[in-house]
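In: for reference, the sequence and a predicted model appear below.
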Amino acid sequence: GKDLRVRFAPSPTGALHIGGARTALYNWLEARHEGGTLVLRIEDTDLERSTPENVEQILDALNWLELDWDEGPLSQREMAPIHSEALARLLESGAAYRDSSTGKHVKTWKDKHGSGRGYRGSPTKEPGAAIRLRVPDDGETIVEDLIRGPIAFPNASYDDFVIARADGSVLYNFAVAVDDAEMKITTVIRGDDHLSNTPKQLMVLKALGYGAPRYAHLSLLHGPDGKKLSKRHGAASVQELRDAGYLPAAIRNYISLLGWGTDDDTTLMSTPELVKRFRIEDVGTASAVFDEKKLRWINGRFMREMPIDAYVDTVARHLHRDPDQRLRDACTVAQEKAQTLEEVWPLIRFVFEPPIDDPKVWAKVMKDGTGPLLEAAVAAISGLEPFTPDPIEAAIAPLAESFNVKAGRLYQPIRVAITGTTVSPGIFESLALLGRDESIRRINAAITRLS
RNA sequence: GGCCCCGUGGUGUAACGGUCAGCACGACAGGUUUUCAUCCUGUUAGCGCGGGUUCGACUCCCGCCGGGGCUACCA
């Protein structure tokens, strides 16, 4: 099997960005497809930017998405001595050298030599100098990208880049290359923003005599305004998506479709099917825009197709309620109507709480002449046995005809009487759910209020 | 400035160089329905621009325009 390494830079907020989630998903799908496992590495060579809590939150989000992962053969801490050893080796062979130039020096050097040429420093014996890697003046470094094919980067345009600070601590492009090699990572799937960094990592690998992993660079995700997806675009993290009531399976399905499609236009796919069909080589090169509307649609489909047991459990967890019989009954009638978990509660709230008092709704529905209709409805269901949808319909439906009104003229007032809202599950199901006595009580309360 | 990536309807995508450029979401218009949602039917709208190559270009080449990334002793 293949180990796949996911680039993973924890954000300072602890949120798992949707773009990061997609990267993780693609890594996971590709690893699964190849019968391997997903290896997670945190890409902070120093952990200044993110707290352990933030890292935990992101791992939680990954777990919630049900993307299982391994920590890899070596931990962050264990890498440190290996980094220094590699650094010493490079210095020894002359592939790297100490250089005391500051950013300012580099800039003036470039002014003199033209902007198309990378900076070349001069070796110094000073111990208090940063370490730079020697980059060839000619030739080019080729990145063999699984998605884009071979991409040539002219060596001359790269600086002799710094691989370790004056204090000996290593920098990202060096650390990550050594990590990949030492952890025997075979495939690196990451964001487009690293494409230009790849030649540097390749140079480090080459200087150290390591082979290179396979690379695949994903285009970044954008918001509806075309800019890089960010907080401003609403739900930009999987935590927010979870809170908004989306299902992990639906998110996996939708996110997988951002930059990738099937040959036969299949849209709705279970996760095993995604695993079976996904190939990193088939991912597209253009950047995609995250569109929550389509996610909603996919989520709705998943919600409606869920087995009722799983549905009740999922709703219960989202609402922080026990999956008792009442909730189960309520879910049964609400399942076909909700697109997200968040939409379930407004539909079934009336079963657990008194009707909402909304003067606007009342004024709109409880018009003149409503009282007699409701009185007739109460009479029709009094003593009705069994109190289930079909008999209720048989008892109530004829009333509209005898009063010579449209069905809605009768049903909407009943709906408002028992729920306080104009939207609810089917009126017969709703009455059955509430039970005969409570239904009658609520309708009578409405009648009293009308007179 | 330099290097690199990307460009099919509003959105996501499909199309061995040959199809009326397909599918899905959305939007709009109808239909079903007790509300909402679902569901059904129809409509809408696209190959960024300009040159080549070719009998023929969304597809190959060049230029331009537009978007993005890298260019740190950040990751």
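Out: Ah, there it is.
In: can you list the low-confidence ranges for the stretch 1-150 of chain A?
Out: Applying pLDDT under 70 to the stretch 1-150 of chain A flags residues A:1, A:45-49.
In: residues of it that sit close to RNA strand B?
Out: A:9, A:43-46, A:49, A:100-103, A:106, A:115-116, A:129-130, A:148 (CB under 7 Å from any atom of the strand). The C-beta positions use only the backbone N, C-alpha and C, and glycine is treated the same way.
In: of those, grab the buried ones for ChimeraX.
Out: Remark: buried members of these, expressed as a ChimeraX selection using 16 or more other CB atoms under 10 Å:
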select /A:43,44,45,101,106,129,130,148
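In: need the contact partners of stretch A:83-95.
Out: With contacts defined as CB atoms under 8 Å, 6 or more residues apart in numbering, stretch A:83-95 is touched by A:96-98, A:131, A:133-134, A:163-164, A:168, A:170, A:174-175, A:178, A:207-208.
In: ugh, wrong one, I meant stretch A:305-317
Out: A:247, A:303, A:322-323, A:327-328, A:331-332, A:335, A:341, A:344.
In: now those residues in a markdown table, with distance to RNA strand B and secondary structure?
Out: Shown next, in a markdown table, are the contacts of stretch A:305-317 (distance: CB to the nearest atom of the strand, whole Å; DSSP: H, G, I helix; E, B strand; the rest coil):
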| residue | distance to RNA strand B | secondary structure |
| --- | --- | --- |
| A:L247 | 15 | coil |
| A:M303 | 9 | helix |
| A:D322 | 25 | coil |
| A:P323 | 22 | coil |
| A:L327 | 19 | helix |
| A:R328 | 19 | helix |
| A:C331 | 15 | helix |
| A:T332 | 14 | helix |
| A:Q335 | 10 | coil |
| A:L341 | 14 | helix |
| A:V344 | 11 | helix |
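In: now those residues: which count as buried?
Out: For the contacts of stretch A:305-317, buried by 16+ other CB under 10 Å: A:247, A:303, A:323, A:327-328, A:331-332, A:335, A:341, A:344.
In: quick check: closest non-adjacent residue to the residue of chain A positioned farthest from its centre.
Out: Ranking residues of chain A by C-alpha distance from their mean position (CA atoms, centre = their mean) puts A:S402 at the top, at 54.2 Å. Excluding its sequence neighbours, the residue lying closest to A:S402 (CB to CB, 6 or more residues apart in numbering) is A:A376, at 7.9 Å.
In: with A:L59 instead?
Out: Using CB to CB, 6+ apart and skipping residues adjacent in sequence, the residue nearest A:L59 is A:L40, 8.0 Å away.
In: near that neighbour, how many other residues are there?
Out: When neighbours are counted by other CB atoms under 10 Å, A:L40 registers 22.
In: can you map out the strands along the stretch 1-150 of chain A?
Out: Under the criterion DSSP state E, counting those that start in this stretch, the stretch 1-150 of chain A contains strands at A:3-6, A:37-40, A:96-99, A:130-133, A:140-145, A:149-154.
In: still on that earlier bit, just the ones of the residues of the stretch 1-150 of chain A next to RNA strand B in helices?
Out: Counted as lying in helices by DSSP state H, out of these, are A:103, A:106.
In: need the max-distance pair from the residues of the stretch 1-150 of chain A next to RNA strand B.
Out: The two members of these with the most space between them (CB to CB) are A:S100 and A:R148, at 38.2 Å.
In: helix or strand: which one has the residue of the stretch 201-350 of chain A found nearest RNA strand B?
Out: Of all residues in the stretch 201-350 of chain A, A:G261 sits closest to RNA strand B, with a separation of 2.5 Å (CB to the nearest atom of the strand). A:G261 belongs to no helix or strand when assigned by DSSP states H and E.
In: just A:Y215 next, same as before
Out: strand A:214-218.
In: between strand A:140-145 and that strand, find me the angle.
Out: Angle of strand A:214-218 versus strand A:140-145, following axes from the mean of the first three to the mean of the last three CA atoms, to 10 degrees, is 70 degrees.
In: against which helices or strands is strand A:214-218 packed?
Out: helix A:18-33, strand A:140-145, strand A:187-191 (3 or more CB pairs under 8 Å, 6 or more residues apart in numbering; DSSP states H and E).
In: how about JSON lines for those, with mean neighbour count added?
Out: Shown next, in JSON lines, are those (neighbours: other CB atoms under 10 Å):
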{"stretch": "helix A:18-33", "mean neighbour count": "24"}
{"stretch": "strand A:140-145", "mean neighbour count": "16"}
{"stretch": "strand A:187-191", "mean neighbour count": "23"}
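In: out of the ones you listed, which is closest to A:A380?
Out: Of all the helices and strands packed on strand A:214-218, helix A:18-33 comes closest under CB to CB, at 51.9 Å.
In: contact partners for A:R296?
Out: Residues counted as contacts of A:R296 (CB under 8 Å, 6+ apart) are A:339-340.
In: wait, A:S382
Out: Taking CB under 8 Å, 6+ apart as the criterion, A:S382 is in contact with A:436, A:440.
In: over to A:T141?
Out: Contacts of A:T141 (CB under 8 Å, 6+ apart): A:152-153, A:155, A:199, A:202-203.
In: can we see that at 7 Å?
Out: A:153, A:155, A:199, A:202-203 (CB atoms under 7 Å, 6 or more residues apart in numbering).
In: how about it, nearest residue that isn't a chain neighbour?
Out: Per CB to CB, 6+ apart, closest to A:T141 is A:P199, 4.0 Å.
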